[in-house]
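A.B. asks: Below is the sequence, then the predicted model.
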Amino acid sequence: MGFLESVRMALRALGANKLRAALTMLGVIIGVAAVIALMSIGRGIQASIQAQIQALGSNLLFVSPGAQNQGGVRTQAGSAPTLTYEDALAIVESGRVPEVLGVAPESGGFAQVVANGQNTNVRVTGVTPSYEDVRSFHAAIGEFITREQVDSRSLVAVLGANTKTLLFGEGDAIGQTIRVNQQNVAANLRVVGVLEPKGSGFGGSQDDLVLVPITTQMTRLNRARTSRGGFTVSSINVQLADEKIETSNLAVQNIGDLLRERHRVIQDDFTIRSQQDILNTATQITGAITLFLGAVAGISLLVGGIGIMNIMLVSVTERTREIGIRKAIGAKRRDILTQFLIEATVVSVLGGGIGIALGGGGASLLNGISFGGGQTLTTVVSLDAVLLAFTVSACIGLFFGVYPAVKASRLNPIEALRYE
Amino acid sequence: MQRDVEQAGVTNQPAVVIRADGLSKTYQMGDVTVRALNGATFEVRTGEMMSIMGPSGSGKSTLMNILGCLDQPTSGTYWLDGTETSQLDDDELASIRNKKIGFVFQQFNLLARTSALEQVELPLLYAGVSQRRKRALTALDRVGLADRSHHRPTELSGGQQQRVAIARALVGEPAIILADEPTGALDSRTSEEVMAIFQQLNREGITVVFVTHERDIAEHTRRIIRLTDGRIASDLSIPVDEQRIARTIHEPIETPV
C-alpha cells in the first residue's frame, strides 16, 4: 500500500474521533511548544550575554596575574601579586607590541565607603584615564579621572550611578567627600564625577563602583607591592588596534614575551584572555542553560508520547474487528503495522506542527518583555530548534506507536472477526 | 473418491479448486481435547455452487476458517487452487486470502466511515495492483450498486451493504467466494435478492461455497455437504430442476443459456 494512501487512511481514522485525536495531540503540542519557547528564551539569553560581552569593548585583551605557588600549593588564579603598573606602561611604551592601541590597568578591591551618613561596600578600582575609552565608562556629571590626577595621586573619586544614588540620593555629589576604608587603610576622597548608568552586566551590576586614580589606589589605599618592589595591579585591560583575530593572537604572543622577560620567568605568572575566550566560556554556559531548558521541556514531550501510546492501545482494542476484516481480505502483518504506526506518527507530527506554531508564537510574545534593570528579553526562534522539535515529535510517534501497532498486527484474524 | 487419478484435462471436467484431504482440527480446552473437525475429505470444482450445512457445533465454522485460510488444520492437507496451505506462514496465508478467496460474512463486515468504492478497492490496495478505481467500479456494477459508490455503510440498506461486501469479495477475481450465512442478517425479500446475485455470479463462472444452517439458502445451490460432529455425514448433488432460483422484483434474472 502506498504511503499517501496510508496517511489518508490514518487521517480518516483520526477524523472518526476528533476530540480524542485532539486530546492525544495536546500532550505533544504542549511538549513541543514548551521545547520551542524555552529554547527560544535560552537562545535569547545567550544572544544578549554575547552582546553584553561585546559591549565591554570590541577588541580587548585582559591580562591578569597568575596563581600563587606557596610550598607547592597552587592557589586561586589571579591571587599572585605579579602584575605591576610598570608592566602596563611597558606594554605601550616599549614598542614591542605594535598591535596595542592603549592599556588600562586597574587595581582594587572591595572597600567600605562612607559619606553623607550612609555607607556601602563596593568595589573601589584604581584606573587610568584610558579606562574610560577601553571599558566604555563615561562620566555623566563632572569628569572622569584625569592624567594629572593620576600623576599627582590626587584624592579624588568618580562614583558609579548606583553608588551615587545610594550615598547622596538625588542630591549633588560633586565636591562632596567620601571616606574609603580598604583593608584598614582609610582615605578621604573628593567626588569629581558620576558615571552614566550601564545596567547589569555579566558578573553583576556595573553601576555599583567607585573609580579612583590608580596611583592613589596603590599608594594611599592598598599598598601591595611585588617582591621586586613594583605596585601590583589586579588586571590590565589592553585595547587592540583592530578586531582581527590575527591581531589578537599576535598581541597575546608579544605581550606574553614581554611580560615573561620583565618577570624573568619561563613559566607564565600571568594569564592573557581575549574577549573571544570570555565569549566562548559564556557561550558554553548559556548553551548548557538552553540545553537544560530544552531537556525539561523534553520531559513533557515524553509524557505526550506516553499519551499517544495509551490512546493507540485503546484504539487497537476498539478496532479489533476492523483489523480482523482487513486481515481477512488480505492485509499482511506489515500492512496493519504500518497503518497504526502511521496513525501514531500523524498524531505526533500534527501535534508537533501545532506545537511549533504555538511555541514560536509564545516566544515572539515574550520578545521584548522587560525583566528589570533596564534589560529586555530577546527570544530567538531558531531553525534548528524547530527542526529538532519536529523530528523528535515524529520519532516519539514512531517509538510510542510501535508497541500498539505490533499488538494490532499480531491479532488472530478469526478472533478479531468474532470481536464485538 | 478417485482423487490423484482424476485430472481436469483427462476427464474433461472443470479443474479442482478445493481439495480437502482428511482435514482435522483439535482444540485443547483445559484437560479436554475437543475434536472440532474429524477427517473431512472432499473436492470442489471450478464453477460449482455448493453449501456446507450442519447444526452449531458440527465443525462448520472450523471448516469454513480452514477453507478461508484463516486457520490451519491440525492434520490433513488442504489444496486451494493448486497451493498446499498447511506449511504457509501468516503473511503467505494473508496473500492467499487476498488473491484467491473472497469473503462474505453474515454481519457484512464493512469498514465504518468508508465509501462503498473504497471498501471494494481495499483488497486491490493490499494486493498492490493498478487500475483499482476502475476495477472496483466494475465490481460494484456487477452487484448493481454503481450508483451508490460514494455512499458509506450507514447510508446503505442491509441488502445494499451485503452487495458491497459481495463486490469486495469478487473484485480480486478470487478462485472461490466463501459466504458465511450471507443472508443471516437480512429479511426474506432482501435475502432473495442477495441469493439472486450469487446465482448470477455463479452463472458467470465464479465458484461459490456457502456455509449455512439454513435449508432455504442451501436449496439455492446444487450440492450440499452435511457435517455432523466434525465428519461429513452426506454429500448430495441437487438435480438442476430442483434447484431454487432466486428472483427479485426489480432485477429480473436472465435465463441461463
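C.D. replies: Received the coordinates, thanks.

A.B. asks: Ignoring the adjacent residues along the chain, who's closest to the closest residue to chain B within the stretch 151-300 of chain A?
C.D. replies: With distances taken as C-beta to the nearest C-beta, the stretch 151-300 of chain A approaches chain B most closely at A:Ser300, which sits 32.5 Å away. (Each C-beta comes from the backbone N, C-alpha and C, glycine too.) Nearest residue to A:Ser300, sequence neighbours excluded (C-beta to C-beta, 6 or more residues apart in numbering or on different chains): A:Gly31, at 4.2 Å.

A.B. asks: What is the neighbour count of the one you found?
C.D. replies: Other residues lying near A:Gly31 total 29 when counted by other C-beta atoms under 10 Å in any protein chain shown.

A.B. asks: From what I see, it and A:Ile308 are in contact.
C.D. replies: No - with contact defined as C-beta atoms under 8 Å, A:Gly31 does not count as touching A:Ile308 (10.7 Å).

A.B. asks: Next one, pLDDT for the closest residue to chain A within the stretch 1-150 of chain B please.
C.D. replies: For the stretch 1-150 of chain B, the residue positioned closest to chain A under C-beta to the nearest C-beta is B:Asn98, at a distance of 2.3 Å. On the pLDDT scale, B:Asn98 is placed at 95.

A.B. asks: A:Phe371 too?
C.D. replies: You'll see A:Phe371 listed with a pLDDT of 65.

A.B. asks: In contact with B:Asp71, which residues are there?
C.D. replies: Taking C-beta atoms under 8 Å, 6 or more residues apart in numbering or on different chains as the definition of contact, the neighbours of B:Asp71 are A:414, B:25, B:62, B:65.

A.B. asks: residue nearest the centroid of chain B?
C.D. replies: Nearest to the mean C-alpha position of chain B, counting by C-alpha atoms, centre = their mean, stands B:Leu178 at 1.2 Å.

A.B. asks: What residues does residue 217 make contact with?
C.D. replies: All of this refers to chain A. Residues touching A:Gln217, when contacts are defined by C-beta under 8 Å, 6+ apart, comprise A:107-108, A:124-126.

A.B. asks: meant chain B actually
C.D. replies: By C-beta under 8 Å, 6+ apart, the contact list for B:Ile217 reads B:51, B:181-183, B:191, B:195, B:210.

A.B. asks: between these, which has the most around it?
C.D. replies: Neighbour counts for these (other C-beta under 10 Å) peak at B:Pro182, which has 28 neighbours.

A.B. asks: tell me which element the residue nearest to B:Thr85 when sequence neighbours are not counted is part of?
C.D. replies: Sequence neighbours aside, B:Tyr78 is the residue nearest to B:Thr85 in space, at 5.1 Å (criterion: C-beta to C-beta, 6+ apart). When elements are assigned from DSSP states H and E, B:Tyr78 belongs to strand B:75-80.

A.B. asks: what mean pLDDT does the following helix or strand past that strand have?
C.D. replies: Past strand B:75-80, further along toward the C-terminus, the next helix or strand under DSSP H and E is strand B:83-84. If you average the pLDDT over strand B:83-84, you get 92.

A.B. asks: Hmm, A:Ala51 and A:Thr376 touching each other?
C.D. replies: No - using C-beta under 8 Å, A:Thr376 and A:Ala51 do not qualify as a contacting pair, with a distance of 11.5 Å.

A.B. asks: Which one of the two is surrounded by more residues?
C.D. replies: In this view A:Thr376 and A:Ala51 are compared by other C-beta under 10 Å, and A:Thr376 has more residues nearby, 13 against 10.

A.B. asks: So A:Val63, which state does it fall into?
C.D. replies: The three-state label given to A:Val63 by DSSP: H, G, I helix; E, B strand; the rest coil is strand.

A.B. asks: Per-residue pLDDT of it, please?
C.D. replies: Among the per-residue scores, A:Val63 shows a pLDDT of 89.

A.B. asks: what bridges to the closest residue to it other than its chain neighbours?
C.D. replies: Excluding the flanking residues, the one nearest A:Val63 by C-beta to C-beta, 6+ apart is A:Ile236, at 4.2 Å. In this entry, A:Ile236 is beta-bridged to A:Val63, A:Pro105, by DSSP bridges.

A.B. asks: Pull the most distant pair out of the contacts of B:Asp71.
C.D. replies: Taking C-beta to C-beta, the two most distant members of those are A:Ile414 and B:Lys25; they sit 11.6 Å apart.

A.B. asks: So for the two, which sits in the more crowded spot?
C.D. replies: Taking neighbours as other C-beta under 10 Å, A:Ile414 and B:Lys25 compare with B:Lys25 leading, 22 against 18.

A.B. asks: Surely the more buried one is within a strand?
C.D. replies: Yes - with three-state DSSP as the criterion, B:Lys25 is part of a strand.

A.B. asks: What residues are recorded as beta-bridge partners of it?
C.D. replies: Under DSSP bridges, the beta-bridge partners of B:Lys25 are B:Leu37.

A.B. asks: so who does the residue of the stretch 1-150 of chain B closest to chain A touch?
C.D. replies: A:329-331, B:123, B:126-127, B:172.

A.B. asks: Just put those in CSV and tack on secondary structure.
C.D. replies: Rendered in CSV, the data for these read as follows (three-state DSSP):
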residue, secondary structure
A:Ile329, coil
A:Gly330, coil
A:Ala331, coil
B:Pro123, helix
B:Tyr126, helix
B:Ala127, helix
B:Gly172, coil
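
A.B. asks: Write out the residues of the stretch 51-200 of chain A neighbouring chain B.
C.D. replies: Residues of the stretch 51-200 of chain A lying close to chain B by C-beta under 8 Å from any C-beta of the partner chain: none are found.

A.B. asks: mind checking the backbone torsions on whichever residue of the stretch 51-200 of chain A sits closest to chain B?
C.D. replies: As assessed by C-beta to the nearest C-beta, chain B sits closest to A:Ala51 within the stretch 51-200 of chain A, at 55.8 Å. Torsion angles at A:Ala51 (phi, psi; degrees, to the nearest 10) stand at phi -60, psi -40.

A.B. asks: Report pLDDT for it.
C.D. replies: We note a pLDDT of 78 for A:Ala51 in this prediction.

A.B. asks: ok, so what distance separates it from A:Leu279?
C.D. replies: For A:Ala51, the distance to A:Leu279 equals 10 Å [C-beta to C-beta, to the nearest Å].

A.B. asks: what do you get for A:Ala111?
C.D. replies: Taking C-beta to C-beta as the measure, A:Ala111 falls 30 Å from A:Leu279.

A.B. asks: So for the two, which sits in the more crowded spot?
C.D. replies: Under the criterion of other C-beta under 10 Å, the comparison of A:Ala111 against A:Leu279 puts A:Ala111 first, with 25 against 15.

A.B. asks: wait, what's in contact with the closest residue in space to B:Ala169 that isn't next to it in sequence?
C.D. replies: With C-beta to C-beta, 6+ apart as the measure, B:Gly102 is the residue that lies nearest to B:Ala169, at 2.8 Å, once sequence neighbours are left out. Contacts for B:Gly102 (C-beta under 8 Å, 6+ apart) come out as B:123, B:166, B:168-172, B:174, B:176-178.

A.B. asks: Done for today, thanks.
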